[in-house]
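Participant: pasting the structure only:
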């Protein structure tokens, strides 16, 4: 073999050895990577979990601060409410007297929906209206007083509740569900486990009292009758302010008077509180738009300008004496804050008040 050939052979051998060394190096690196990668994944996973834990801990602190801060309760409730679909709730109606309650219960009953008074097993045959057709309920005890006009706080008074039920019963009447609604999809057990979400209708307080007087006054003079009614000289002290239905009043009125309205605990959410003056629009937006129940308030069923009708007959707060106005304002002061309602003071101009949208 020539010297040139020997040198070429050596070079080739060197190249081959270098290639082998390079391959072995790559193999060692890959082996090291394969050994490290599982640990890397574990470390990354732990890091992710730690990050999530920190976020949740921070969020928990935020939620606790919201729960402790009464001024932020409405904001917190709105956040929670948006995260829960309406179908997860059982929508119930809280009947405030003289605010179109019977009409709402009636149109619901036409679609086999049990609301308000129909939960209470009252002897409806005594009345000539659709509610004597309320669906049979799971529990057959009777009530001997219109307890559907009670606030939710009043219904927690078990001693008083037993007094007006036969046989005596202490269950929440709103949990007394219909046995059947004529639908195969109805499951009474499933319905009973759903949390209740109440809605209610509020109204200008003056016209609520005027409407009550038109029904019960029996020709008596308006101011005198309303004054006696508010003071408890008529029908006892069975009347509750509208805000008693909307807010939790279990702590008592004396303590409530010291708490600003915005810091009180609502039992009816703000977006479930319907203004009588906008009844049709707000009812359809809530009941149909949010809950998909497909209920309709026909035009001929209710005069949504009923307050205007009272004004037509020259009835309004200007018909009350100063003593009656002061009594009304003192007895239910927060009712005016449930909507954009303006207080009328003795001597105010009646025409200016009549021109207000929510008078």
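Facilitator: It's in. None of these values were measured; they are calculated from a predicted model. Residues are numbered from 1 along each chain as shown.
Participant: what's the following helix or strand after the helix or strand bottoming out on mean pLDDT in the chain?
Facilitator: In the chain, the helix or strand scored least confidently by mean pLDDT, DSSP states H and E is helix 73-83, which has a mean of 48. Under the assignment DSSP states H and E, the closest C-terminal helix or strand after helix 73-83 is strand 90-94.
Participant: all helices of this structure, in order?
Facilitator: Secondary structure of the chain by DSSP state H: the helices cover 3-68, 73-83, 101-109, 158-163, 188-193, 205-216, 222-230, 243-246, 253-256, 279-283, 306-312, 322-331, 350-354.
Participant: ends of stretch 165-179, what's the gap?
Facilitator: 20 Å (CA to CA, to the nearest Å).
Participant: tell me the buried residues in that stretch?
Facilitator: Judged by neighbour count using 16 or more other CB atoms under 10 Å, the buried positions of stretch 165-179 are 165, 169, 173, 174, 176, 177, 178. For the C-beta atoms, the positions are set from N, CA and C on the backbone; glycine is no exception.
Participant: closest one of the residues you listed to residue 100?
Facilitator: residue 174 (19.1 Å; CB to CB).
Participant: so the closest one sits against residue 92, correct?
Facilitator: Yes. Taking contacts as CB atoms under 8 Å, residue 174 lies within contact range of residue 92: 5.4 Å.
Participant: between the two, which contacts overlap?
Facilitator: Shared contacts of residue 174 and residue 92, defined by CB atoms under 8 Å, 6 or more residues apart in numbering, are found at residue 196.
Participant: nearest to residue 121, of the buried residues of stretch 165-179?
Facilitator: Of all those, residue 176 has the smallest distance to residue 121: 7.2 Å, by CB to CB.
Participant: contacts only, for that closest one.
Facilitator: Going by CB under 8 Å, 6+ apart, residue 176 touches 119, 120, 121, 137, 138, 139.
Participant: can you pull the pLDDT of it?
Facilitator: On pLDDT, residue 176 comes in at 93.
Participant: got it, and residue 132?
Facilitator: Residue 132 is given a pLDDT of 78.
Participant: same question for residue 85.
Facilitator: For residue 85, the predicted pLDDT is 62.
Participant: ditto for residue 232
Facilitator: pLDDT, residue 232: 74.
Participant: then the one 3 residues further on?
Facilitator: According to the model's per-residue confidence, residue 235 sits at a pLDDT of 45.
Participant: quick one on the thing from earlier: compare the helices of the chain and say which comes out lowest on pLDDT.
Facilitator: helix 73-83 (a mean of 48).
Participant: now do the contacts for residue 335.
Facilitator: 202, 205, 241, 242, 243, 341.
Participant: measure the residue lying closest to the second one once chain neighbours are set aside to residue 343 for me?
Facilitator: Excluding the flanking residues, the one nearest residue 205 by CB to CB, 6 or more residues apart in numbering is residue 335, at 4.4 Å. To residue 343, residue 335 is 10 Å away according to CB to CB, to the nearest Å.
Participant: all strands of the stretch 251-359 of the chain, in order?
Facilitator: All strands of the stretch 251-359 of the chain, identified by DSSP state E, counting those that start in this stretch, fall at 273-275.
Participant: flag the shaky bits of it, pLDDT-wise.
Facilitator: 300-313, 357-359 (pLDDT under 70).
Participant: burial of residue 273, as a residue count?
Facilitator: 21 (other CB atoms under 10 Å).
Participant: please apply the same query to residue 292.
Facilitator: Around residue 292 there are 9 residues (other CB under 10 Å).
Participant: local confidence estimate at residue 194?
Facilitator: 93.
Participant: in contact with the closest residue to it other than its chain neighbours: list those residues for me.
Facilitator: The shortest distance from residue 194 to any non-neighbouring residue, by CB to CB, 6+ apart, is to residue 90 (4.1 Å). Counting by CB under 8 Å, 6+ apart, residue 90 touches 191, 194, 195, 196, 197.
Participant: please name the bridge partners of residue 90.
Facilitator: Note on residue 90: beta-bridge partners by DSSP bridges are residue 196.
Participant: gap between it and residue 294?
Facilitator: 17 Å.
Participant: ok, now residue 118?
Facilitator: In terms of CB to CB, residue 118 sits 18 Å off from residue 294.
Participant: neighbour count for the two, which is higher?
Facilitator: More crowded of residue 118 and residue 294, by other CB under 10 Å: residue 118, with 25 against 9.
Participant: just to revisit the earlier point, nearest to residue 289 among the contacts of residue 90?
Facilitator: Nearest member of the contacts of residue 90 to residue 289, counting by CB to CB, is residue 197, at 14.6 Å.
Participant: and for the closest residue in space to residue 317 that isn't next to it in sequence, the neighbour number?
Facilitator: Closest residue to residue 317 apart from its sequence neighbours, by CB to CB, 6+ apart: residue 344 at 3.7 Å. When neighbours are defined as other CB under 10 Å, residue 344 has 23 of them.
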